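Asks: Sharing a sequence plus its predicted fold:
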Amino acid sequence: MGTENYKITSWVVVRNHNAIRNGSVFFVLEEVDELSFVKGFYRHLKCDYPKFFKMDNLCKLAFVAAELLLKDHKPKGKPEEVALVFSNAGASLDTDKTYFSSVEDKSNYFPSPAVFVYTLPNIMMGEICIRHRFLGENAFFISEKFDGALLADYSESILSSGKATSVIAGWVEINDKEWEAVLFLIEPKENTNQRLSQATLERIYNLSRR
């Protein structure tokens, strides 16, 4: 089977103080910093998940993007049949810097376990799985830039193998210049929704880029 057998059921782009779902703007909050935007987005979603405020920034960003992606749409299959395939360029570097600052000064050495917990990029997938009770396969890749071919091919491989009936795939990155999350819900093709392909993923990713 090839990627032509699967569709992108839903997608979201969270970037530049905008949250877009399936081509429509869902939330905008300008003239604030990135963290304030994500917190405002969380409140706009009317979530009731206090653990959100204990997460690191990368997890917060991925969490709200996943909430919007799955809003009003439950993935096909049982919890163990929903897989996650994520990637970014910097791993957990944003949190790694925070942790390093807590151990850099030997005269004021105070490493925080609360920060150390988040010094792995796949933790954000774990937070999403806990929230939505997903039990399927997880894979995280480091790429220099968004790689639509990698996400499309790996998602197709999981689906065609029978290990999953739905895949949440995407890119979640925080760096000094930009916070961005681009997520896709990929499922077997049943209608004329957007077909899974490298070109489709890259076209959606490039929406609203500066």
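Replies: The structure has been received and is ready for your questions.
Asks: Let's verify the spatially most central residue of the chain: helix, strand, or coil?
Replies: With the centre of the chain defined as its mean C-alpha position, the nearest residue by C-alpha atoms, centre = their mean is residue 62, 4.1 Å away. Following DSSP: H, G, I helix; E, B strand; the rest coil, the label given to residue 62 is helix.
Asks: Which residues are in contact with it?
Replies: Taking C-beta atoms under 8 Å, 6 or more residues apart in numbering as the contact definition, residue 62 lies against 86, 124-125, 127-128, 172, 181, 183. C-beta coordinates here come from the backbone N, C-alpha and C atoms, glycine included.
Asks: Now tabulate these in a markdown table and tack on secondary structure and distance to residue 200.
Replies: A markdown table is the format used below for those (DSSP: H, G, I helix; E, B strand; the rest coil; distance: C-beta to C-beta, whole Å):
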| residue | secondary structure | distance to residue 200 |
| --- | --- | --- |
| 86 | strand | 18 |
| 124 | helix | 24 |
| 125 | helix | 22 |
| 127 | helix | 27 |
| 128 | helix | 22 |
| 172 | strand | 19 |
| 181 | strand | 18 |
| 183 | strand | 14 |
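Asks: what's the closest of those residues to residue 10?
Replies: residue 183 (8.6 Å; C-beta to C-beta).
Asks: And the helix or strand containing residue 85, what does it pack against?
Replies: Applying DSSP states H and E as the criterion places residue 85 in strand 82-88. Strand 82-88 is packed against helix 123-132, strand 138-142, helix 148-161, strand 166-174, with contacts defined by 3 or more C-beta pairs under 8 Å, 6 or more residues apart in numbering; DSSP states H and E.
Asks: out of the ones you listed, deepest packed?
Replies: The highest average neighbour count among the helices and strands packed on strand 82-88, using mean count of other C-beta atoms under 10 Å, belongs to strand 166-174 at a mean of 26.
Asks: What pairs with it, parallel or antiparallel?
Replies: strand 82-88 (parallel), strand 179-188 (antiparallel) (DSSP bridges).
Asks: Adding mean pLDDT, write these out as CSV.
Replies: Output for those, formatted as CSV (pLDDT from 0 to 100):
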stretch, mean pLDDT
strand 82-88, 97
strand 179-188, 96
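Asks: What average pLDDT does stretch 201-210 get?
Replies: Across stretch 201-210, pLDDT averages out at 83.
Asks: picking up where we left off before, not counting sequence-adjacent ones, nearest residue to the residue nearest to the centre of the chain?
Replies: Excluding its sequence neighbours, the residue lying closest to residue 62 (C-beta to C-beta, 6 or more residues apart in numbering) is residue 124, at 4.1 Å.
Asks: just to revisit the earlier point, right, so of the helices and strands packed on strand 82-88, which gets closest to residue 196?
Replies: So among the helices and strands packed on strand 82-88, helix 148-161 is nearest, using C-beta to C-beta, at 5.7 Å.
Asks: Tell me what angle the closest one forms with strand 82-88.
Replies: 160 degrees (axes from the mean of the first three to the mean of the last three C-alpha atoms, to 10 degrees).
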